[in-house]
Structures are given as C-alpha cells and as structure tokens.
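Pasting the sequence and the predicted coordinates here, then a few questions.
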Amino acid sequence: MTEILNGKVLAKTIHGKAKQRVEGMEFPPGLAVILIGKNSASRLYVKLKETAARDVGIYVERHAYSSKATTEEVVEKIHEINERNDIHGILVQLPLPKHFDTNAIIGAMNPNKDVDGFHIENRKALIAHTPNIVPPIALSLMRLLQASHVPLKGKTAVIVGNSTIFAEPLIELLRDAGVPATFIPKHTEGLAAITRAADILIVAIGSAHCITADMVKPSAVVLDVGANKLNGVTVGDVAPNVIGHAGFLSPVPGGAGPLTVEYLLFNVIKAKEIQERERE
C-alpha cells in the first residue's frame, strides 16, 4: 500500500505561520515578480505565488516583459529593484525564453533578495554549511521526506532531472540529513537500474508518466516534481502504476507544489529580516 504525501495539508500549516509572522511586522515585506514571455505554466505559477503572498500580507508587484525584451532590460530592472528598501524579495519565474541569459539575470540580483535561492552566493553558502536563503523547492521536498517518517540512516537517494541548479541544494540538504544523494540526467544509460536501487527517488524531468513501477524500488519514497499536461490534465513524471508499488509518493498536483509556494513566502520574510539587520 502506497502512502500519499499530501503537500496541501502541510502547506496550510506553513501558510498560517507565515501570516502570523507578517501580521507581527511594523510594515510588510515586499516581493517583485519578474515574468518574461507568455508561457502558460509560468503564468499560472506566478498567479499562485502572488495570490498566496498577498493572502499573508506581503506586498507584491509584477514586472512583465514580452519575449522580445532583452537580457539587458531585465538586468537593468533588477539593479533598480536591488536599491529599493520596500522590496525585499525578487522572483524571476523560470524557465526563461531561450535567448535570455538566465545566469546573468539571476546573478544580477542582490543575493539577499534572491528568494528562489539560485544565486551563486546562496548556493556557495549552502555548500559551506552557512545557508542564507535556501531554494523553496528543496525545502518542500525535505518537508515531504520528513512527513514520511522513514528513518534516513543508511538510505540512499537518486535525483533524476534536467538541472544541476535544482539538484545541488537538495543534495546538500540530504547529505546534512545523512543521506548520500546522486544527480542523474534523464538520458543516462541504464537509468532504470539506477532508479530501482534508490531508497529515495526524486524526479524532475518534465515528461509525463516517464517513471514506471519497474523503475522503482518496492517501498521507496518517491517525490514527483514534474508538471506536465496530458489530455488537458496536469500530471507528474511518475506513472499511476507506481501507486501500490512505492512505499510513499508525493502526487502531482498536490505534493511539492503547494509547499514550494509557502516556503517561498518564508524566504521573502527571511530576506526582509536579513536586509533589516544589514541596515542596523
């Protein structure tokens, strides 16, 4: 029997705590959202994040650019926002249209305003065990893993995905929890044998139902981060036949997504506190 790890339920508790934190502040945190292009999934994710942020009392403003804009235009706006004391967090919704320089745009942010935690300085701090702002997706996956109540000692993890930027923070957090983790690109030869050996399998490929039961160790904890449209329905990377085979599964939708949004809000709150300490 597979136990479903319900991210929605966990997210409600975190949302309430974020609201209490903001209510206790003299003035609210501010979040600037940068959205480039018309990717329907990106627009949906931004709307969910903005709605959640406003609900806890965070001030939100959106800076939207067409796909015809340039990297330089976006970088200039980020530099402008870096200088503002009323905006504590900057969120650049990824992925960007192909001709944009993602590294340049992320690198333009003040690391203390990078609420996604992707800036190289934030990644270095995490590796050095002096974390500043940690990516919300990594925090959400660790929370789901905690919710499984599986003893971590002696376990191993495999992360299958497209991006080392996604995997690196997660590898560090898992290592801190005593779990050695390996990142595997999705086109790796012998992928099924590697995933089948993992006690904890984290999947962020972006290909509907590409991980099937024969690729999963019986009783494994499977965390699905994929978000795909299949016949008009949002589905994950993990196939339905994994239910009943794995020990635990975070579903799509309703698993990592809601938690990631809530940890983003906490990063905005944390960013405000960091910046206020710097100005003291």
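Arrived safely, thanks for sending.

Which elements pack onto the biggest helix by length in the chain?
In the chain, assigned by DSSP state H, the helix with the most residues is helix 256-279. Helix 256-279 sits against helix 7-23, helix 40-56, strand 89-92, helix 136-147, with contacts defined as 3 or more CB pairs under 8 Å, 6 or more residues apart in numbering; DSSP states H and E. Where you see a C-beta, it was placed from the backbone N, CA and C, and this is true even at glycine.

can you list the ones you listed in JSON lines and add distance to Val242 and mean pLDDT?
Converted to JSON lines, the helices and strands packed on helix 256-279 look like this (distance: least, CB to CB, whole Å; pLDDT from 0 to 100):
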{"stretch": "helix 7-23", "distance to Val242": "17", "mean pLDDT": "96"}
{"stretch": "helix 40-56", "distance to Val242": "23", "mean pLDDT": "94"}
{"stretch": "strand 89-92", "distance to Val242": "32", "mean pLDDT": "98"}
{"stretch": "helix 136-147", "distance to Val242": "15", "mean pLDDT": "97"}
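
ok, and which of these has the densest surroundings?
strand 89-92 (a mean of 27; mean count of other CB atoms under 10 Å).

What helices and strands are in contact with that strand?
Using 3+ CB pairs under 8 Å, 6+ apart as the test, strand 89-92 ends up in contact with strand 30-36, helix 71-82, helix 256-279.

Pretty sure Ala64 sits in a strand.
Yes. Checked against DSSP: H, G, I helix; E, B strand; the rest coil, Ala64 lies within a strand.

Burial check on Ile78, number of neighbours?
Close neighbours of Ile78, defined as other CB atoms under 10 Å, add up to 23.

residues in contact with it?
34, 90, 92, 105, 108-109 (CB atoms under 8 Å, 6 or more residues apart in numbering).

now swap in Pro136 and tell me
Pro136 neighbours (CB under 8 Å, 6+ apart): 115-117, 259-264, 266-267.

Look up how far Ala256 lies from it.
10 Å (CB to CB, to the nearest Å).
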